[in-house]
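Enquirer: Sequence first, predicted coordinates after that:
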Number of protein chains: 4
Amino acid sequence: MAYEADDDLDAGMDSPHLPKSDPAVGGIAADRLRSVIERVERLEEERKALAGDIKDIFSEAKSAGFDVKVIRQIIRIRRQEPAEVEEQETLLDIYRRALGM
Amino acid sequence: MAYEADDDLDAGMDSPHLPKSDPAVGGIAADRLRSVIERVERLEEERKALAGDIKDIFSEAKSAGFDVKVIRQIIRIRRQEPAEVEEQETLLDIYRRALGM
Amino acid sequence: MAYEADDDLDAGMDSPHLPKSDPAVGGIAADRLRSVIERVERLEEERKALAGDIKDIFSEAKSAGFDVKVIRQIIRIRRQEPAEVEEQETLLDIYRRALGM
Amino acid sequence: MAYEADDDLDAGMDSPHLPKSDPAVGGIAADRLRSVIERVERLEEERKALAGDIKDIFSEAKSAGFDVKVIRQIIRIRRQEPAEVEEQETLLDIYRRALGM
């Protein structure tokens, strides 16, 4: 079986990638590893919840008659510097005209 | 200039995509649109902060001597059902052997 | 070692996930598995080469004085239906005015 | 309408972002811009076709009884250096044991 514990893996416990471990594999490094993993998992849960909240707001906006794609574009524009937005829009107009669009 | 206000755009305010608007464009629908956008922006900020926190934990783990790529793999495994993990690892062994890897 | 061949894995060769295998693991199913993998790898190589070609064209365009971000936007617009583009741009104008942008 | 041609945009044709343009907007720069866009669009088409081909191979593999997720993992492993793969698998075993997984 893959990932089965082999006796000779104990040697690896002194690896630089599992710091301050003890032979019982229940020591400080294992605790630290577990803490890292659990903290990341908790934060990932929160991120997922926020993503759900954002999705709900957009669903609600759509039900209220707004165009979600355009709202996303507005949010993208608000993230940029106004001068940059204006320059890009001017260029977009120029390129479109050059292409006859 | 693109996106400049034209008088004839006021007609568009009765569009189903900007509900309950008033001629002054400062009415209920504009407030609602602004509320949608600001709530999403706030939640996006929080998501970004969480992403930063996760990055910090991984940096700290790396400094402590852990292999971040392997920790990510552990987190991926923990998200799956144990039976599914075991089945996939068994198949991986079989496929590797079949390929002489 | 992980993924090492164990004798009892041979039983798994009759699994539905490695079809028509023979005990020598060098039979038809292994050949087929290898063929699947090598064809995918070849196509992935081609995709990577195309991505490189696209990047080169954009680099060249940038050197010629074009704004790459705006060119990408043009390409995105050309992918959409003209009526859809026009509707979204009208809505974008309306939303921006409603927000005083 | 947004992106409508205004007379005063002609001034912008001397912008560094539309090189070697002529007043008719049909000159060299427009041709060059069009060429850039059409070449990228063609390459994007090819990439899309390749993505379709890859998807077809995986569908075919699935129909033949293979586990597509595991095949993808095999391909990922083959992309890495064998020594790196082995090191990561050893670490994965160690971390799992430390966590009692």
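Expert: That came through fine.
Enquirer: what's the helix of greatest length in chain A packed up against?
Expert: Among the elements of type helix in chain A, defined by DSSP state H, the one spanning the most residues is helix A:28-63. Packed against helix A:28-63, as judged by 3 or more C-beta pairs under 8 Å, 6 or more residues apart in numbering or on different chains; DSSP states H and E, are the following elements: helix A:68-79, helix B:28-63, helix B:68-79, helix D:82-98. Every residue, glycine included, has its C-beta placed from N, CA and C.
Enquirer: Next, the angle from that helix to helix A:68-79.
Expert: Orientation of helix A:28-63 against helix A:68-79 (axes from the mean of the first three to the mean of the last three C-alpha atoms, to 10 degrees) gives an angle of 120 degrees.
Enquirer: If we go by neighbour counts, what in helix A:28-63 is buried?
Expert: For helix A:28-63, a neighbour-count test (16 or more other C-beta atoms under 10 Å in any protein chain shown) marks A:29-30, A:32-33, A:36-37, A:39-40, A:43, A:46-47, A:50, A:53-54, A:57-58, A:61 as buried.
Enquirer: residues in contact with stretch A:34-49?
Expert: Stretch A:34-49 is touched from outside by B:47, B:50-51, B:53-54, B:57-58, B:60-61, B:66, B:71, B:74-75, B:78, D:98-99, with contacts defined as C-beta atoms under 8 Å, 6 or more residues apart in numbering or on different chains.
Enquirer: nearest to chain C, of these?
Expert: B:Ile74 (13.7 Å; C-beta to the nearest C-beta).
Enquirer: and the closest residue to the closest one other than its chain neighbours, how many neighbours does it have?
Expert: Spatial nearest neighbour of B:Ile74, chain neighbours left out: D:Tyr95 (5.5 Å); criterion: C-beta to C-beta, 6 or more residues apart in numbering or on different chains. The burial metric for D:Tyr95, expressed as a neighbour count using other C-beta atoms under 10 Å in any protein chain shown, is 25.
Enquirer: D:Tyr95 touches B:Ile77, doesn't it?
Expert: No - contact between D:Tyr95 and B:Ile77 fails when scored by C-beta atoms under 8 Å: they sit 9.9 Å apart.
Enquirer: how about low-confidence regions in chain A?
Expert: Using pLDDT under 70 as the threshold, the predicted model of chain A has low-confidence ranges A:1-28.
Enquirer: hmm, back to that, residue contacts, the residue nearest to B:Ile74?
Expert: Shown in contact with D:Tyr95 (C-beta under 8 Å, 6+ apart): A:Leu18, A:Leu33, B:Val70, B:Ile71, B:Ile74.
Enquirer: measure it to B:Phe66 for me?
Expert: The span separating D:Tyr95 from B:Phe66 equals 8 Å under the rule C-beta to C-beta, to the nearest Å.
Enquirer: A:Arg97 and chain B: what is the separation?
Expert: For A:Arg97, the distance to chain B equals 11 Å [C-beta to the nearest C-beta, to the nearest Å].
Enquirer: Equivalent analysis for A:Glu86, please.
Expert: In this structure, A:Glu86 and chain B are 8 Å apart, going by C-beta to the nearest C-beta.
Enquirer: burial count for that residue?
Expert: 14.
Enquirer: next one: the one 5 residues further on
Expert: A:Leu91: 21 surrounding residues under other C-beta under 10 Å.
Enquirer: ok, now the one 3 residues further on?
Expert: Summarising burial for A:Ile94: neighbours were counted as other C-beta under 10 Å, giving 26.
Enquirer: Which residue ranges make up each domain of chain A?
Expert: Domain assignment for chain A by automatic domain parsing gives A:19-65, A:67-101.
Enquirer: Redo those as CSV? Include distance to B:Glu86.
Expert: Putting the domains of chain A into CSV (distance: least, C-beta to C-beta, whole Å) gives the following:
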stretch, distance to B:Glu86
domain A:19-65, 20
domain A:67-101, 41
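Enquirer: closest one to B:Glu87 among those?
Expert: Nearest of those to B:Glu87, taken as C-beta to C-beta: domain A:19-65 at 22.7 Å.
Enquirer: For the closest one, what is the distance to the chain centroid?
Expert: Put simply, domain A:19-65 sits 11 Å off its chain's centre (C-alpha atoms, centre = their mean, to the nearest Å).
Enquirer: farthest pair in the contacts of stretch A:34-49?
Expert: B:Arg47 and D:Ala98 (30.6 Å).
Enquirer: Now do stretch A:65-84: distance to the chain's middle.
Expert: Its chain's C-alpha centre and that of stretch A:65-84 lie 21 Å apart, by C-alpha atoms, centre = their mean.
Enquirer: Could you list the buried residues of that stretch?
Expert: Of the residues in stretch A:65-84, those with enough neighbours to count as buried (16+ other C-beta under 10 Å) are A:Phe66, A:Asp67, A:Val70, A:Ile71, A:Gln73, A:Ile74, A:Ile77.
Enquirer: Which residues does that stretch contact?
Expert: Looking at stretch A:65-84 with C-beta under 8 Å, 6+ apart, the contacting residues turn out to be A:58, A:61-62, A:85, A:88, B:16-19, B:33, B:36-37, B:40-41, B:44, C:88, C:91-92, C:95-96, C:99, C:101.
Enquirer: Using PDB, list the CA coordinates for it.
Expert: As requested, C-alpha coordinates have been extracted for stretch A:65-84 and formatted as PDB (Å, rounded to 0.1, in the frame of the first residue of the first chain):
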ATOM      1  CA  GLY A  65     -33.100  43.500 -12.500                       C
ATOM      2  CA  PHE A  66     -29.400  44.400 -12.600                       C
ATOM      3  CA  ASP A  67     -27.000  43.000 -15.200                       C
ATOM      4  CA  VAL A  68     -24.400  41.100 -13.100                       C
ATOM      5  CA  LYS A  69     -21.800  41.100 -15.900                       C
ATOM      6  CA  VAL A  70     -21.900  44.900 -16.100                       C
ATOM      7  CA  ILE A  71     -21.700  45.300 -12.300                       C
ATOM      8  CA  ARG A  72     -18.500  43.200 -12.400                       C
ATOM      9  CA  GLN A  73     -17.200  45.500 -15.100                       C
ATOM     10  CA  ILE A  74     -18.000  48.500 -12.900                       C
ATOM     11  CA  ILE A  75     -16.100  46.900 -10.000                       C
ATOM     12  CA  ARG A  76     -13.100  46.200 -12.200                       C
ATOM     13  CA  ILE A  77     -13.100  49.900 -13.400                       C
ATOM     14  CA  ARG A  78     -13.300  51.100  -9.800                       C
ATOM     15  CA  ARG A  79     -10.200  49.100  -8.900                       C
ATOM     16  CA  GLN A  80      -8.200  51.000 -11.500                       C
ATOM     17  CA  GLU A  81      -6.800  54.500 -11.400                       C
ATOM     18  CA  PRO A  82      -9.300  57.000 -13.100                       C
ATOM     19  CA  ALA A  83      -6.500  58.300 -15.400                       C
ATOM     20  CA  GLU A  84      -5.600  54.800 -16.400                       C
END
